[in-house]
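J.: Whatever this is, show me its structure:
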Amino acid sequence: MTIQRRSRQRDAVLAAVSQKGQHPTAEDVFARVREELPNVSLGTVYRNLDQLCDAGMIWKIPISDGPSRYEGNPERHLHCICPICGSVRDVWPSDDPINRSALPEDCKDADYRLLLLSVCDGCRDQEKGRA
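T.: Residues are numbered from 1 along each chain as shown. I've put the predicted structure just below:
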């Protein structure tokens with residue numbers, strides 16, 4: 001799908017998602033965009049997020065027990081999600097984690113999104129404090 005024409009709303013949504021190291025929810029994006037465009041609706045933000053995802057300009061990171069997060073960094077990297085608090089952090093592996101030589105021929109050039117699950121340092125520290 002190609003993205004529709006540029007608009008102030010779409011540019012503001014893309015800017016809100018593209019802040020380095022951030023993985024905002026749609027509600028977070030809505031709050032940031034409203035600072036610049038106070039009359040924007042939540043529906044407009046969701047529609048623009050969907051269109052930006054469809055155009056491959058951002059990624060949607062599904063979270064099983066909470067709202068999806070969005071990634072604006074187009075460089076290939078992984079995400080590590082804490083199963084306790086839902087925080088998302090970037091992981092930059094030194095090598096491609098997929099052994100492409102083991103894949104079927106028609107999948108060797110496939111794109112992928114790999115989500116890692118690991119308790120974050122904050123939750124790990126809280127668990128140690130309770131013990």
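J.: Show me the domain layout of this structure.
T.: Domain assignment for the chain, taken from automatic domain parsing, gives 1-72, 75-131.
J.: Which of those domains has the lowest mean pLDDT?
T.: Among these, domain 75-131 carries the lowest mean pLDDT, a mean of 84.
J.: The host helix or strand of Cys80 packs against which elements?
T.: In this assignment (DSSP states H and E), Cys80 forms part of strand 78-81. Packing partners of strand 78-81 (3 or more Cβ pairs under 8 Å, 6 or more residues apart in numbering; DSSP states H and E): strand 88-91, strand 115-117. The way it works is simple: take the backbone N, C-alpha and C, and place the C-beta from them, glycine included.
J.: what packs against the longest helix along the chain?
T.: If each helix of the chain is counted by residues according to DSSP state H, the longest one is helix 42-54. Helices and strands touching helix 42-54, by 3+ Cβ pairs under 8 Å, 6+ apart, are helix 8-17, helix 26-36, strand 59-61.
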